[in-house]
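*Asks:* would you be able to build a 3D model of this:
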Amino acid sequence: MYGAILGDIIGSPYEFDRGAKIKTFPLFIDKSRFTDDTVMAVAVADALLYAGNDAGKDKVCSAVASSMQHWGGKYPKAGYGGKFREWLKEKEPKPYGSFGNGSAMRVSSVGWLYNSMERTREFARWTAEVTHNHPEGIRGAESVASAIYLARTGESKEAIKKYVEDEFSYNLSRTLKEIRPAYHMDVTCQGSVPEAIIAFLESTDFEDAVRNAVSIGGDTDTTACIAGSIAEAYYGLTPAMENECLERIPDKMKTVLRRFDCARGKTIQGEPIIEAALLRYRRDNSS
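*Replies:* Next up, the predicted model:
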């Protein structure tokens with residue numbers, strides 16, 4: 001969650017290829033702000049915390065749709081796409097076959113809240129289907145939630161890459177160096193989720209993952225949001241970076257994040273997330 005929000009904020013000034021496709025840029029400038037990616041990520045987390053871990057599809061979908069409309073109404077100018085903006089105002093909102101990357105940028109909480117891959121993918125699918133019921137929209141959400149789940153449970157990058165390639169048929173063998181020259185604005189899941197995952201796979205730490213995502217250009221707030229969500233689960237965040245996130249969002253969003261922290265067992269505010277790194281250390285050094 002924190003990683004997704006930070007990625008969104010850091011990437012926001014460079015969306016629509018406004019950056020120079022380089023990694024050496026200031027992380028935060030005057031134009032850095034949260035966008036619809038953050039609003040909807042918080043909305044989904046809020047809905048899932050309300051629904052509970054044992055909820056079924058109908059309850060989850062109803063809660064997610066209601067929460068997204070509620071939070072979207074609070075921040076109507078956050079940068080929503082045209083169809084989604086109309087969906088936010090509908091009295092009886094229905095899915096509209098989208099395969100945009102909105103389903104993937106809002107799914108980060110799912111990767112943390114459930115204790116099995118089966119449940120993680122199931123909840124990811126449900127959060128997508130309320131709007132993005134196209135197979136590509138669902139694939140984008142499930143792949144990102146799966147990568148977060150694997151990262152936070154201590155799996156290696158090699159294992160994450162193999163799982164995503166095998167289960168979702170994304171081509172993750174490309175490099176950022178190959179992608180960067182011709183890459184442009186692409187708001188589809190199939191045209192941005194693999195690139196965001198590659199940005200994580202090539203990274204050395206959380207900040208590097210976000211810089212990687214921004215450096216390819218295009219829909220930088222969303223690709224950085226997705227890359228950041230996986231990188232947080234893999235590397236953890238420093239207290240300084242976590243505090244940077246909290247200082248840049250409204251108090252009502254902070255409240256959801258605190259509830260989210262409690263739900264996933266992170267009870268000491270400001271403590272770096274070290275569980276995944278510890279799991280990897282134990283596995284790699286076991287006899």
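*Asks:* give me the neighbour count for residue 238.
*Replies:* The number of residues packed near residue 238 is 15, by other Cβ atoms under 10 Å. C-beta: built from backbone N, CA, C; applies to glycine.
*Asks:* could you export the helix or strand hosting residue 69 as CSV, CA atoms only?
*Replies:* Element membership for residue 69 (DSSP states H and E) is helix 57-74. The C-alpha trace of helix 57-74 is given here as CSV (Å, rounded to 0.1, in the frame of the first residue of the first chain):
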residue,chain,number,x,y,z
LYS,A,57,-17.8,-12.7,-4.0
ASP,A,58,-21.1,-10.8,-3.7
LYS,A,59,-20.1,-9.0,-0.5
VAL,A,60,-16.7,-8.2,-1.8
CYS,A,61,-17.9,-6.8,-5.1
SER,A,62,-20.6,-4.8,-3.4
ALA,A,63,-18.2,-3.3,-0.9
VAL,A,64,-15.6,-2.5,-3.5
ALA,A,65,-18.0,-0.8,-5.8
SER,A,66,-19.6,1.2,-3.0
SER,A,67,-16.2,2.2,-1.6
MET,A,68,-14.8,3.3,-4.9
GLN,A,69,-17.8,5.5,-5.6
HIS,A,70,-17.5,6.9,-2.1
TRP,A,71,-13.8,7.7,-2.3
GLY,A,72,-14.1,8.8,-5.9
GLY,A,73,-16.8,11.3,-4.8
LYS,A,74,-14.4,12.7,-2.2
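*Asks:* and the contacts of it?
*Replies:* 36, 39-40, 42-44, 46-48, 50-51, 55, 78, 80, 88-89, 93, 106, 123, 126-127, 129-131, 252 (Cβ atoms under 8 Å, 6 or more residues apart in numbering).
*Asks:* let me see the mean pLDDT of it.
*Replies:* Helix 57-74 carries an average pLDDT of 98.
*Asks:* downstream neighbour of that helix in the secondary structure list?
*Replies:* Past helix 57-74, the next helix or strand by DSSP H and E is helix 82-87.
*Asks:* gap between the next helix or strand after that next one and the chain center?
*Replies:* Under the assignment DSSP H and E, the closest C-terminal helix or strand after helix 82-87 is helix 102-105. Relative to the mean C-alpha coordinate of its chain, helix 102-105 is positioned 7 Å out (Cα atoms, centre = their mean, to the nearest Å).
*Asks:* packing partners of helix 102-105?
*Replies:* helix 36-51, helix 135-152, helix 220-235 (3 or more Cβ pairs under 8 Å, 6 or more residues apart in numbering; DSSP states H and E).
*Asks:* where are the low-confidence patches of this protein?
*Replies:* Along the chain, segments meeting pLDDT under 70 span 266-287.
*Asks:* rewinding a little: please, a PyMOL command that selects the buried ones among the contacts of helix 57-74?
*Replies:* Buried members of the contacts of helix 57-74, defined by 16 or more other Cβ atoms under 10 Å, are picked up in PyMOL with:
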select buried, resi 36+39+40+42+43+44+46+47+48+51+55+78+80+88+93+106+123+126+127+129+130+131
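*Asks:* quick one: residues contacting the residue lying closest to residue 31 once chain neighbours are set aside.
*Replies:* Excluding its sequence neighbours, the residue lying closest to residue 31 (Cβ to Cβ, 6 or more residues apart in numbering) is residue 13, at 4.1 Å. Residues near residue 13 by Cβ under 8 Å, 6+ apart: 19, 29, 31-32.
*Asks:* at 7 Å what do you get?
*Replies:* Contact analysis of residue 13 by Cβ atoms under 7 Å, 6 or more residues apart in numbering lists 29, 31-32.
*Asks:* perfect, I'm done here.
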